[in-house]
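>>> Turn this into a structure:
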Amino acid sequence: MPENLAPPTPVAQPATVFPRATDHVRRLPHLGVYYTLSQLKNITISGDIGCYTLGAGHPWNALDTTISMGASMGIAMGLDKGRGEADKDKRIWR
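Residues are numbered from 1 along each chain as shown. You can find the predicted model right below:
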């Protein structure tokens, strides 16, 4: 090998593991609720901002809306009143 060439640096492959939330999130009591909500089908779930918003993204994808603190009840009511014939059998939960 010529003196001016360095050996190739190995490239580390990212690990494929279940994503872990930050330490304070792992201790929140609603992680079980997020999991349960993520398993429900034929339902639209409105939520609030704050710790609840953490259930909206990966890995749970448990909430369909997060607007502002205290908005989940009004959003759920609006979803109920505004849904069309195609969604008449879909449940809405706050």
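>>> Which of the residues in the strand ranked longest in the chain are classified as buried?
The residue-count maximum for a strand in the chain (DSSP state E) belongs to strand 43-47. Neighbour-count burial for strand 43-47 flags Thr44, Ile45, Ser46, Gly47 (criterion: 16 or more other CB atoms under 10 Å). In short, each C-beta sits where N, CA and C put it, glycine included.
>>> out of all of them, which helix in this structure is the longest?
In the chain, with assignment by DSSP state H, the single longest helix is helix 72-82.
>>> Mind checking what helix or strand follows it in sequence?
As assigned by DSSP states H and E, the chain's next helix or strand after helix 72-82 is strand 91-93.
>>> Which strands or helices does the helix or strand following the longest strand of the chain pack on?
As assigned by DSSP H and E, the chain's next helix or strand after strand 43-47 is strand 65-66. Counting contacts by 3 or more CB pairs under 8 Å, 6 or more residues apart in numbering; DSSP states H and E, strand 65-66 packs against strand 43-47, helix 72-82.
>>> Can you add mean pLDDT and distance to Asp64 and give those back as TSV?
Shown next, in TSV, are those (pLDDT from 0 to 100; distance: least, CB to CB, whole Å):
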stretch	mean pLDDT	distance to Asp64
strand 43-47	90	5
helix 72-82	91	9
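>>> Identify the residue nearest the geometric centre of this protein.
Gly57 (2.1 Å; CA atoms, centre = their mean).
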